[in-house]
Structure formats: C-alpha cells, structure tokens
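Asks: Here you go, sequence then predicted model.
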Amino acid sequence: MKRIVLLVLACLFSLTMVAQEKKSKNKKVVIKVAGNCGMCEKRIEKAAYSVKGVKNAEWHVDCQDIHLVIDETKCSADDVAKAIAAVGHDTGSIKAEDAVYDKLHGCCLYERMK
Amino acid sequence: MFKNIAFLLFFVSQFIYSQETIKGIVTDENNQPLLGANVFWFNTAIGTTTDGNGNFSIKKSPETTFLVVSYIGFETKKIEITSSTISVVLKEVNTLKEVTITKTKKGTEHSLYKVQNVQVMGQKELLKAACCNLSESFSTNPSIDVNFSDAVTGNRQIKMLGLTSPYILIAEENIPSVRGASQAYGLSFVPGTWVESIQITKGAGSVINGYESISGQINYEVLKPSNDIPFFLNAYASQDERYEINTHFNNKFSDKLSSTLFLHGNTRVGKNDMNDDGFLDGPIGKQVNILNRWQYNDAENGIVSFLNVRYMNDEKQAGEMSFNPDTDRLTTNAWGSEINTEKIEISNKTGYVFPDMPYQSFGFQNSFQSHKQDSYFGLSQYDIQQKSFYSNLLFNSIINNTKNKFTTGLNFTYDDYNEFVNVNFNRDFSRIDNSVGAFFEYTYDNTDNFSLVAGARVDNHNRLGTFITPRLHIRYNPWKEAVIRASAGRGKRAANIFAENQQLFASNRSFSILNTDGKLYGLNPEIAWNYGLSFIQKFKLAGKDAEVILDYYRTDFQNQAVVDVDHSPQEVLFYNLEGNSFANSFQAEFSIDLMTHLTFKTAYKYYDVQTQFTRGQLERPLQAKHRVFGNLAYETHIKDKGQQWKFDVTYNWLGEQRLPYTQSNPVQYRLDGYAPAFGTLNAQITRTFSSTFEVYIGGENMTNYKQMNGIVQNENPFGTYFDSSMIYAPTFGAMYYAGLRFKIKDKKENHKIEELNPIGE
C-alpha cells in the first residue's frame, strides 16, 4: 500500500514536472529591457535575433520590454537576456557590464536598472 | 490505516497545490476593477493579466516573493506576497492625463520603410474629390493621370507611368476587380464613399495577386463592418444635373458578427451641350449599386472572414441631343449610343492566424463575378458577358525568424466570355480562358535599413501557355529620413482589344486585326518588363516638414497588342508589335507643410511613350509629354464639437499631346498635329458643423477650358470622317457641385477610447 501511495504521489509530482517543463516551439516571453531610443531598439532587437531560436522580437520603448516568440527547444529567455545584456542593455534578470554600457551612443545612455 | 494516510496525503498535496496559487484583484482608487493589468513575479518573465473583473490568479514562484502589478496610466506597485489572496489598489498617474500630442495625419502617406513604392490615400485624401466614384478619386494624386477617353460616353480613363488602366492591376481587397469586360467602365462602378483607402504601387508589384500587372497596382479597401458607424448619408448634386445618393447602414450583431448595407443610386438627367457640337457632353442615365458586406471577427481564435454580395445596374445614353432611343436606335435618324451594364458579384475571404504564432497565417479568397454589357454606338453593336471565378489560397510564415518571411500559394482563374462584335464585320469572339498558378514570395528585412522582396510564380493559361513571372523589390535607407527603392519585374497579359478600346466604337473607323495565328483574337499575349528607381527624402526646410520624391520607371514591351489609329483616320488596326514599344516616366514631387494645417504639394511629370506603328516609331497619341500638378490644402483647427473648415485647390497643366493622324481627311475634318497645352483648376470647400454633419461645395475645371472640336464631322455622324475618340481635354467646361454628409456614430465612441489606450501597448 505504501508503495501505491508513493507511486501515486510520484505520479502526481512527475505530472506537475512535465506540465512545468513542457517545451514550446512558439513560447511567448516578455522580458524587461531598459533603453531610450530608436538606436536602442535596433541594437536590442538585433541582439535578440542573434540568439538561435528567437523567432520574433519586438522591443517597446514605452513599456521598456521586449516581446519575444522563442523556440524553447533551442534557447531560453535567459539566453536572450544574456545576449541583450552583452550589448549594453540591462534586463530584468541580467545586467549589462558598466564597461559596455559606457561605450553606448550618448542618446542611448538610459537610466540603469537597479 | 494506510488508506487513511493516503487520503490525508492526497488532501495535503491538494492543499499544498492550492497554496501554490495566489489569487487577487486589482482596482483603482475608486474601487473600479482594472481589466488587463499586468501581474508578474519580480525579475521573471512569469506573469498574467487581470480579467474583466480585475481578478487574476498566478502560480507561486520559487524564485521570488515579490509581485509586480502595473497598468498604463497608473503607478507600478511591487508587493511582497505573504498570503494567498491579495487586493491591490493602483494609484493613477495624474501627469499622463495632461499630455496631448496632436499630429495632423496626411491625406497621402509615403512610407520610408515598405519595400515597394506604395502610397496610401486615406479617407482624408479621398474626401478631397467629393464626387463620386473611383475613377474620379485620383484627381488630387499626382501619380495617376485622369483623362476622358472619348467625347461621347463621358468615361474617365486612368493612366499610370504613361500606360492606360489595362496595364494596371486594379484589385478590391487584393481580389482583381477591374479586368476583362469591366476594363473600360469598371472604376465608375465603385462609389467613392464605399472606399476606405487606396494603395497605389508603382512598378512591377507583388506576384501574389497575379501575373497581369505591368505598370503598377491599385488596390482599394472597402469600409469594414466591424469598425463602421451605424449610419452614413451622402447626397450630391451638380450643375450638369447629376444627382447621387449614398447610404450605409451598419449593424453589429455581436462582438464577432457585423454587417453593412451600402446603397448607392445616381442619375444624370441633364442634357448638356456646352461646346455646341450637337452632342451631349456627358451621358444621361442612372445607376443602382447595392453591396451587403458581412464580417466575422474572432480575435481569440485568429479568424477573420468577409462575405460580399453585390448587385449593380447601370444605364447610359449618349450621342446627339436629338437622339431618342425608342425611335432612333440603330437607325440613321440620329446618332446615339446606349450602354447597359449589369453586374453580380459574390466574394468571400477568410484569414486564419495561428494563435500562438502571430507571424503564421492562412488566407483564402474566392470571388464569383458576372458582368454583362449590352451596347450600341450608332450602327455598331458590342455585347459582352464575362462570368469569372477567382480563387487564391495563401500561406504566410517565417524561416527561422521574422526577418525572413515568405508567402506561398495557389491560384485559379476561370473566365467565360460571350463577346459579340458587329462593326464593319460581324463576329462572335466567345471563348473560355482559364489559368492555374503557384507562387512563392520571400521577404527579407534586417529590421534596420534594408529589405528585399523576391517573388516568382509559374502559371499555366490555356491561351498564354506556361510561363514564369519573376519580380524583385529592394529598399535601402542610406541615411536618416531617406529611402532608395529599386524594382524589376515581368508581366504578361491577354489583351481584350475590344473591351479595352470601346471609345473607338464611337467613330466610323473600320476595325481590322492583322494577325491571325495567335490565340487572342489572332494576336499574341502582351509581355513587358518594368524597371524602376525611386528616392524619397524627408527634411526640414526653414523648420517646416518637407518631402522630395524622385521616381524613374521604364516599361519595355517584348510584345504588345498595338492599337494603331494613325495608319488612316478611317481605320483602327490591331497587330502584334514589330519593333520597339516603351514608356519612360520621370516624376519629381515636392511637398511642404507651410504652416500648421497648410500643405502645398507640387509635381512635374515627364513621359516618353513610344510605339512602332505602321507610320513609324511615334509618340503614343493623346499622351502629354509634360505635366505639372499643384495642390494647396488648408484646414482650420478642429473645435471642441468638431467644427472645421477645409479648403482644397488643385491645378493640373498638360503639355502638348500628339493627335492621331488626320491629314488625309478633307481640310475641314483635319486636326492639328498636336493639341494645345492647357490647364484646369479644381477647388473644394468643406464646412464641418459637428463631428456628424458637414456640407461641401466645389468646382471642377474652373478655368472653363473646353475642347471645341472634340468630335470630327459632328454635323454628319454617319459620314466617313466621324470620330469622337480624339479627345484631349474636357468638353463640358466649368462645373460646380454641392453635397452633404451626415453620420450617426456609436454611443460608446470607440475611437476615442482606442486613442487613449492604444491596444497592445
């Protein structure tokens, strides 16, 4: 009986795991990305597209976020955040290095995220 | 015992499970729920939005206990979650309310970012030409030239890049509409008030809509039932006793299903002869035109569908003032003409967007049309009926990412023509044409300064054979506010020589087709290549917004169904091109916003259009080499209740036009080699009393220029030299009109709400 209970629990648990881990080929993701202007937009979207598996990327200056459609079997939201941070833009999860930020064009020097 | 433990464990796990979800409500300070507020875990991408009652539920995050709640126009809140239910009150940001940004929308927009050289004429531009149908909508647009085709039927013909409308693909919502039998009068069967916008593409155009376009594409969008107003009324009357009425009734049955009924009627009762040639300046007649349009919108499932059902009946009578059709029809008592057209159309288009893949979609268009024209011109008769079916299936998607898009699909066309021509010969040209084709179009966009559209299609047509149509468009932004475009493409078409040249029936020319071995009236298909270059630069001139557009296009015919009216003034010949035929066009356009609400636009156009005729390589007749266009538009600031004045003046100047050869005629029936240059002036004043009521008055050809000798041998229309097709200018002279527009708007004023909260932002 104990075994059955464990089995049922294990099943339930694994089901939740599966539900949480199911990878979508067209996952919609929104990441906070800081930026200022049209130049920022091009830089941010270019960085997002450089990640394999990113199908669509649209950054909105007013909401300070990027709307992505990604293939989760090829990349994760963090991969995209890393790529964006690498070109100098702070994201919700990963911050840009100061050295890269300082080299941005004058109009792109956005207010850093905390 | 174990059973009990298991039971308990099950409950505990359920309990833990339910603990995992946080429920809450988001409201503003007045306790009103906020719909669509963003709720997400701090520093993660895990989030949700609130429903119509402001409620949300979100699974607990292992990474953080901080929840962020945001809503446009409100302060964003970050809250630490300690219990499983919360209520969040957001504070309104007051500063946002005080900002108003106004930008006056231009009537015609030239895009800097689209790949093709497309200009969009919006409602504002269309209202500048208050009357009355699509053929008259282009009078304020420098890219399209509007001419009268003959002195009898009052028909207007459009030209683009120096080529007449058969070389332009004219489509209604991307379904080819003015083609085949409807080529001559089709544009006048679309009332102007039905049209939402017009897109004009210069040059080769896309392969998606077919292989026929050579000099360009004109696509018009009809008003959509889902965002139309409940009632619209337009009434128009003019000095030449033309009366028009348009009413639209819209009903939204649910948030998904809506329908509009468009009713149009017009009548021209005045018999006018302003140039004293014994002939009516324009036809008298009447038209009834009914369209019922249904729209089904299911945004959640990505489905949009339209169904159009349309009926049109048009009757025209032209000719001598004394002509009475009951007693004089097809006799030599008096010269007259009647053209009766009946049109029935049923079309459907359905689009499906994959809900989780906004860049992937299907489209399916189907259209059935029956177009029947019975007509006679003096003693000549011309009857044509075309029953056609058009079907187009499209699939849009991406390769890897949205920088690489493609459209592919299949299409099918079937045309059953019953055509009967009784001129100097009596022949039945009835035939069936059909074609099936497949196309693929690839679009690359680097999301910055470069994009490209490369397309090709393969078609099999029972008369044109199997052939490939390639098209290429490139766009590059070399620097700020500038764009360079290049295009190249091939077009192929079956010329409907009689339907497209009906103006020649109103003459005593004899018709001959010199070739006999081709499959189209004995002629071969028309084939042409079109190449174009275009440059747009936007800039500030003394602080004012200004724009310069330079275009150069060349069309090179490999084969053409040449219409030769120069061989002899008593003949018209049709034959396959032997030698060169081309059309070069250059256009320079400049526009500037002189001050707020005052816009000036001017254009110079140069055309070099030549064809190898039997008399040699000649300029195409009735084509001005030089044209100048000017437009000045002024509007006052809109007051609170919508009151406004609008003023619009358009000037057109046409240089000399070569007239067809008439030197072998007796002296009194000869025309000069070239028609004199002349100018016309149109103006309109609109007074808007409120957002629902406005009146307008206007004048056309206010300089009162008239072609006096529009009809050769008008005193004896059954004589050898009679010809009304050599028309280069208006015959009526100045004409004044007035009209009104009345609307009933939705109570909710959806538009205002949309403006305040742009959806999807």
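Replies: Structure received. Numbering: from 1, shown residues only, chains lettered A, B, ... in the order given.

Asks: centroid residue for chain A?
Replies: Most central residue of chain A, judged by C-alpha distance to the mean C-alpha position with Cα atoms, centre = their mean, is residue A:77 at 3.1 Å.

Asks: Just give the closest residue to that residue, not the sequence neighbours.
Replies: Distance criterion Cβ to Cβ, 6 or more residues apart in numbering or on different chains; nearest residue to residue A:77, sequence neighbours excluded, is residue A:29 at 4.6 Å. (C-beta placed from N, C-alpha, C; glycine too.)

Asks: May I have the strands that pair with the helix or strand harbouring that neighbour, each with its orientation?
Replies: Using DSSP states H and E, residue A:29 falls within strand A:27-32. According to DSSP bridges, strand A:27-32 forms sheet pairs with strand A:65-70 (antiparallel).

Asks: what's near enough to touch the residue nearest to the centre of chain A?
Replies: If you count contacts by Cβ atoms under 8 Å, 6 or more residues apart in numbering or on different chains, residue A:77 has them with A:29, A:31, A:68, A:70, A:93, B:45.

Asks: That one and residue A:34, how far apart?
Replies: According to Cβ to Cβ, to the nearest Å, residue A:77 and residue A:34 sit 16 Å apart.

Asks: mind listing the helices for chain A?
Replies: With DSSP state H as the definition, chain A shows helices at residue ranges A:2-21, A:38-49, A:77-86, A:98-102.

Asks: In the stretch 451-600 of chain B, what residue lies closest to chain A?
Replies: Using Cβ to the nearest Cβ, the point where the stretch 451-600 of chain B gets nearest to chain A is residue B:480, with a distance of 10.0 Å.

Asks: Give me the local confidence score for the residue nearest to the centre of chain A.
Replies: pLDDT, the model's per-residue confidence, is 90 for residue A:77.

Asks: Against residue A:68, how distant is it?
Replies: Where residue A:68 is concerned, residue A:77 sits at a distance of 7 Å (Cβ to Cβ).

Asks: which neighbours do these two share?
Replies: By Cβ under 8 Å, 6+ apart, the residues touching both residue A:77 and residue A:68 are A:29, A:31.

Asks: And the lowest mean pLDDT element among the helices and strands of chain A?
Replies: Least confident helix or strand of chain A, by mean pLDDT, DSSP states H and E, is helix A:2-21 with a mean of 58.

Asks: these two touch, right, residue B:172 and residue B:217?
Replies: No. Proximity of residue B:172 to residue B:217 does not meet the contact threshold set by Cβ atoms under 8 Å, at 12.0 Å.

Asks: neighbour count winner among these two?
Replies: residue B:217 (26 against 23; other Cβ atoms under 10 Å in any protein chain shown).

Asks: Need the phi and psi values for the more buried one.
Replies: For residue B:217, the backbone dihedrals are phi -130, psi 140 (criterion: degrees, to the nearest 10).

Asks: circling back: does the residue nearest to residue A:77 have any beta-bridge partners, and if so which?
Replies: Note on residue A:29: beta-bridge partners by DSSP bridges are residue A:68.

Asks: pLDDT score assigned to it?
Replies: pLDDT for residue A:29: 90.

Asks: Just list the residues touching it, thanks.
Replies: Taking Cβ under 8 Å, 6+ apart as the test, what residue A:29 contacts is A:67-70, A:77, A:80, B:45.

Asks: Which two among those are spaced furthest apart?
Replies: By the measure Cβ to Cβ, the contacts of residue A:29 have their two most distant members at A:69 and B:45, which lie 12.6 Å apart.
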